[in-house]
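K.L.:
could you work out the structure for the sequence below:
(chains A and B)
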Amino acid sequence: MESNIERRTNQPKLPNGRLDFSEELDSMSASQLAQAMEDGLEDMTEETYDEALISAYLDALDQKAPMPDMLDTDEAWRAFQKKVEDASLAIGASSPKRPARFRRVVRTGLVAAIMVAVLFGMMVAAQAAGVDVFGAVARWTEETFRFNVSEEDGNTAWFADYQEELDAAGLSEEYLPTWIPEGYEVTDLQIQELNRGIDIYILYSGENGSAFDLLISIYNEPDAMEQHIFEKDGTPVQTVQAGGKTIYLLGNLGVQTAVCQDRNVIYSLVGELSQNLIEDIFTSIIGDE
Amino acid sequence: MKKISLILSMVLISLLICPIAAQARASENIANHEVNALQGDGRGEISIDFVVRATASLPKIGALKITIYKANGDYVKTIWGNTSNGLLSPKSGRYYSNTYTYEGTPGVSYYAVVTVCAGTATDYDTREVTTATVRAPY
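P.N.:
Residues are numbered from 1 along each chain as shown, chains lettered A, B, ... in the order given. Sure thing, here's the model as predicted:
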């Protein structure tokens, strides 16, 4: 196969001895000419060096990309800097935006997490100090509830355990108190169907062994209510108002009884009762107005 | 002097009696109770409801006995309470209630004297209640 040098040297020569392949060289760009000249030089040795061929390439290059007679270093430096700047911008424009956005998301999430942790820390500290922050939050989000009714709202679930018995007796929750005093729990609930109506008995037991109970006596006929007798000693009967009802406070040899009547129902509390407890329980009873 | 001493003694005794009387109306063991007699669902039946509420959890609570009389006062029968017939609670508690059904003669009127109790096996308070007169249904 004819090498590049052999092919070139077989070309017709001009009167000055140079090779005449100007048409071919004219069709090539400066970079192609440079590459072709480099390829030719690689093929040549000391013995086969073809000065005419190289001169032809150089002449063609000079025509395509003439070198300036005098190089201006400052201008060259500026040109180089501009090339570097353009190259940097090209790299920045072509790089993907995802890493920067991801960093922003992570940063925002971290700030939010720190804020939540601080808030929780404050809430726990307040809870330890005796402030019912969580209850306040529940009430706050409820909006329609008042501040001091959180226990009422939070303890309606206590009679969920007895829902079957209540349903079997055809009783609705309206007879039941929704508030349980702190330190107490309902340990017994009995529903007794009698001929005169229904009794609901609720026993509250305290952590320190104290106890009191609530009896809800529902009557089919009002006359039977007269047969419900409460024992009392000689201490004067007191009355208080709570939940829109009149509560009668009776003493019975050291045991307190609180009684009220609402339509066909008699409610009675017996045990170690404070006036606040009495008022709060009767207030929490949801009855017909 | 003798007269003055006598008057003072009477005053002192009167002062002592009053609180005792007041205490006798109260009960250490019974907080409240209720007894009702109504017509039963069946022919000739008289239903007697009783409710006893104690001041504390006590082992003996319920109806100690139920005595049935005809409207004219003729004695019919006495039912003594125990855990088997349901007149007494089978366990300690602060509340016990139940209904006793007497099988009478349709058209005959009856009343009952019910004695409720609350306390221990040997030391308990009682209250006696006489019900209204009820005619046994046909």
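K.L.:
from here on, contacts and neighbour counts on C-alpha atoms
P.N.:
Fine.
K.L.:
what about the closest residue in space to B:Val129 that isn't next to it in sequence, how many neighbours?
P.N.:
Among residues not flanking B:Val129 along the chain, B:Val114 sits closest, at 5.3 Å (Cα to Cα, 6 or more residues apart in numbering or on different chains). Counted with other Cα atoms under 10 Å in any protein chain shown, residues neighbouring B:Val114 total 25.
K.L.:
chain A contacts on chain B?
P.N.:
B:19, B:22-23, B:25-28, B:30-36, B:38, B:40, B:47, B:49, B:55-56, B:95, B:97-99 (Cα under 8 Å from any Cα of the partner chain).
K.L.:
tell me, please, the helix or strand in the chain that averages the lowest pLDDT.
P.N.:
This is for chain A. helix A:133-142 (a mean of 33; mean pLDDT, DSSP states H and E).
K.L.:
where does chain B have low pLDDT?
P.N.:
For chain B, residues meeting the criterion pLDDT under 70 lie at B:1, B:7, B:9-25.
K.L.:
and the next helix or strand past the longest strand belonging to chain B?
P.N.:
Using DSSP state E, we find that the single longest strand of chain B is strand B:45-58. Moving toward the C-terminus from strand B:45-58, the next helix or strand (DSSP states H and E) is strand B:60-70.
K.L.:
what lines up beside the next helix or strand after that next one in the sheet?
P.N.:
With elements assigned by DSSP H and E, the helix or strand that comes after strand B:60-70 is strand B:75-80. Here strand B:75-80 has these sheet partners by DSSP bridges: strand B:60-70 (antiparallel).
K.L.:
next one: the partner strand to chain centre, how far?
P.N.:
Centre-to-centre, strand B:60-70 and its host chain are 7 Å apart (Cα atoms, centre = their mean, to the nearest Å).
K.L.:
who's in contact with that strand?
P.N.:
With contact meaning Cα atoms under 8 Å, 6 or more residues apart in numbering or on different chains, strand B:60-70 is reached by B:50-52, B:54, B:75-82, B:87-89, B:91-97, B:108-121, B:124.
K.L.:
name the nearest residue to B:Val52, sequence neighbours excluded.
P.N.:
Here the residue nearest B:Val52, using Cα to Cα, 6+ apart, is B:His33, at 4.5 Å.
K.L.:
so the one you found is in which element?
P.N.:
Secondary structure from DSSP H and E places B:His33 in strand B:30-39.
K.L.:
same question, A:Glu279
P.N.:
A:Glu279 belongs to helix A:275-284 when assigned by DSSP H and E.
K.L.:
list the buried ones in that helix?
P.N.:
Using 16 or more other Cα atoms under 10 Å in any protein chain shown as the test for burial, helix A:275-284 gives A:Ile278, A:Glu279, A:Asp280, A:Ile281, A:Phe282, A:Thr283, A:Ser284.
K.L.:
show me what contacts the third one?
P.N.:
It stands for A:Asp280. Counted by Cα under 8 Å, 6+ apart, A:Asp280 has contacts A:Trp179, A:Ala242.
K.L.:
coming back round to it: the residue nearest to B:Val129 in helix, strand or coil?
P.N.:
Following DSSP: H, G, I helix; E, B strand; the rest coil, B:Val114 is assigned to strand.
K.L.:
surely it touches B:Glu128?
P.N.:
Yes: using Cα atoms under 8 Å, B:Val114 makes contact with B:Glu128 at a distance of 5.7 Å.
K.L.:
any idea how many residues pack against B:Ile79?
P.N.:
Per other Cα under 10 Å, the neighbour tally for B:Ile79 reads 16.
K.L.:
please report how far it lies from chain A.
P.N.:
For B:Ile79, the distance to chain A equals 19 Å [Cα to the nearest Cα, to the nearest Å].
K.L.:
which strand residues bridge that residue?
P.N.:
Beta-bridge partners of B:Ile79, counted by DSSP bridges, are B:Ile66.
K.L.:
ok, it - contacts?
P.N.:
Residues in contact with B:Ile79, defined by Cα under 8 Å, 6+ apart, are B:Lys65, B:Ile66, B:Thr67.
K.L.:
which one is the last one nearest to, not counting chain neighbours?
P.N.:
If you skip the residues right next to it in sequence, B:Thr67 has B:Thr78 as its closest partner in space, 4.2 Å away by Cα to Cα, 6+ apart.
K.L.:
so how far is chain A from that neighbour?
P.N.:
Counting by Cα to the nearest Cα, the separation of B:Thr78 from chain A is 21 Å.
K.L.:
sorry, back to before: please check the contacts of strand B:60-70 and keep the buried ones.
P.N.:
B:50-52, B:54, B:79, B:81-82, B:87-89, B:92-97, B:109-119, B:124.
K.L.:
stretch A:262-277 near chain B at all?
P.N.:
Yes: Stretch A:262-277 is in contact with chain B by Cα under 8 Å from any Cα, via A:Val270, A:Gly271.
K.L.:
quick check: buried residues in that stretch?
P.N.:
Quick answer for stretch A:262-277 (16+ other Cα under 10 Å): A:Val265, A:Ile266, A:Tyr267, A:Ser268, A:Leu269, A:Val270, A:Gly271, A:Leu273.
K.L.:
picking that back up, quick one: the strand holding B:His33 to strand B:60-70, angle?
P.N.:
Relative orientation of strand B:30-39 versus strand B:60-70 (axes from the mean of the first three to the mean of the last three Cα atoms, to 10 degrees): 30 degrees.
K.L.:
strand B:30-39 packs against which elements?
P.N.:
Applying 3 or more Cα pairs under 8 Å, 6 or more residues apart in numbering or on different chains; DSSP states H and E, we find strand B:30-39 packed against strand A:228-230, strand B:45-58, strand B:109-119, strand B:124-130, strand B:134-135.
K.L.:
partner strands of it, with direction?
P.N.:
strand A:228-230 (antiparallel), strand B:45-58 (antiparallel).
K.L.:
the ones you listed into TSV, with extra columns for distance to A:Ala30?
P.N.:
Shown next, in TSV, are these (distance: least, Cα to Cα, whole Å):
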stretch	distance to A:Ala30
strand A:228-230	121
strand B:45-58	114
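K.L.:
of these, which is nearest A:Thr73?
P.N.:
strand B:45-58 (111.3 Å; Cα to Cα).
K.L.:
so how far is B:Ala26 from the closest residue to B:Lys91 other than its chain neighbours?
P.N.:
Take B:Lys91 and drop its neighbours on the chain: the residue closest to it by Cα to Cα, 6+ apart is B:Pro59, 6.2 Å away. Distance from B:Pro59 to B:Ala26, counting by Cα to Cα, to the nearest Å: 20 Å.
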